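Peer 1: turn this into a model:
(2 chains)
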Amino acid sequence: MEALIVDDVLFTRLIVEEALHVAELRKNIKFFSIEHADSLKTAMEKIKQRKFKLVITDIKLKDGLGIELAKHIKSINPETIVIALTMYPVEFEKNRETFDEFIKKPISPKELELKLEKFL
Amino acid sequence: MLVLEKVLFLALKAVHPWEILIEFPEGKGAIYVENRMIVGAEYKDKEKELKNSEAFKIITKKKNAIEKMDIIPSSKPRIKTMSCGVHCIMKILEEIEISENFRQSWIDEFLLNLLSLDTNWIISLTGPIFEGKLHLFNRNYVDAYFFDKTTQKAVTGKEAFSKIIQNREKIKSTELIPIKDTPPVKFKIDFMYLLNSLNEK
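Peer 2: Residues are numbered from 1 along each chain as shown, chains lettered A, B, ... in the order given. Purely as a prediction, here's the structure:
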């Protein structure tokens, strides 16, 4: 499985990556690659280059909205699981249709694992 | 090159105490990590001396100016003066990022966010040296108008769009006017096109 983590903050991306590795051990799944993007632009470039099974993205990125990223991903690859990360749950409520799930920041590895359980 | 966030992430995995010593061009900082949390922080320059959360916040705000960073195991026990674990650190870093981005460009965010609307608008943009209009139709910018107050010259279409983008940081006020009739489509600027235009230096 290939995963992409999109967030402006490196520390958040590292925590999400660690949570994915924990899920890997507990759920007997294998992430062949976990890539990072620190902006919408970088994420779009990575999505052009390859197909991801899982994308975890912040809703508010420094150069745009994760909502646009999610819409773009779903238009080219509807089976990709797109999870929103946000500090403001109301943002997710407004865009519930666009994402498969959401996680409130600051995240906990346990919460990510529980949310992933539905899809993996 | 050592990156503060990576160093913190690794230090927080350890139970053993660590000191992260940081040098800026005009100041010094230190972050003390023990038992998977930050237990103290200090920052000092010519103008101020800060401790704990305030010190940690200013260190992270200035992280791109770090000149030198040393990570050393701490030998002596330290009195805990703050308690900030992974959640607390993530929250601080996210809040700083949001405030920095907001300061950098409210207009970029505004122009991009409008393209997520399902309604159609004329966006009137006013600055000290120009007046502009963007026509938003079916989630695309489809026409533009740019009037240079100095030369008294007006342009429309793609040329006007380029001039608005070039001068966007000078925009002081905006107004949304509903579009009643279908406007002429002189070009189509969607979210990705605009994003790329805004990122061009």
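Peer 1: near chain B, which residues of chain A show up?
Peer 2: Counting by CB under 8 Å from any CB of the partner chain, the positions of chain A adjacent to chain B are A:8-12, A:14-15, A:40-41, A:44, A:60, A:62-65, A:67-68, A:72, A:87, A:105-108. The C-beta positions use only the backbone N, C-alpha and C, and glycine is treated the same way.
Peer 1: from those residues, which ones fall inside helices?
Peer 2: A:10-12, A:14-15, A:40-41, A:44, A:67-68, A:72 (DSSP state H).
Peer 1: got the contact list for the residue lying closest to residue B:189 once chain neighbours are set aside?
Peer 2: Leaving aside its chain neighbours, residue B:189 sits nearest to residue B:141 (4.0 Å; criterion: CB to CB, 6 or more residues apart in numbering or on different chains). For residue B:141, the contact set (CB atoms under 8 Å, 6 or more residues apart in numbering or on different chains) comprises B:115, B:134-135, B:161, B:187-189, B:194.
Peer 1: just the buried residues out of those, in ChimeraX syntax.
Peer 2: Buried residues among these (16 or more other CB atoms under 10 Å in any protein chain shown), as a ChimeraX selection:
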select /B:115,134,135,161,189,194
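Peer 1: out of the contacts of residue B:141, the closest to residue B:74 would be?
Peer 2: residue B:194 (49.7 Å; CB to CB).
Peer 1: surely the closest one meets residue B:113?
Peer 2: No - distance between residue B:194 and residue B:113: 10.7 Å, which falls outside the contact criterion (CB atoms under 8 Å).
Peer 1: which element is the closest residue to residue B:50 other than its chain neighbours on?
Peer 2: Spatial nearest neighbour of residue B:50, chain neighbours left out: residue B:43 (4.5 Å); criterion: CB to CB, 6+ apart. Assigned by DSSP states H and E, residue B:43 belongs to strand B:37-45.
Peer 1: what about chain B, any weak spots by pLDDT?
Peer 2: B:1, B:101-104, B:200-201 (pLDDT under 70).
Peer 1: near chain A, which residues of it are found?
Peer 2: Checking chain B against chain A by CB under 8 Å from any CB, the hits are B:3, B:5-6, B:8-9, B:86-91, B:93-94, B:97-98, B:101, B:104, B:108, B:112-113, B:115-116, B:191-192, B:195-196, B:198-199.
Peer 1: now do the longest helix along chain B: distance to the chain's middle.
Peer 2: Counting residues, the longest helix found in chain B (DSSP H) is helix B:86-104. Distance of helix B:86-104 from its chain centroid, counting by CA atoms, centre = their mean, to the nearest Å, is 9 Å.
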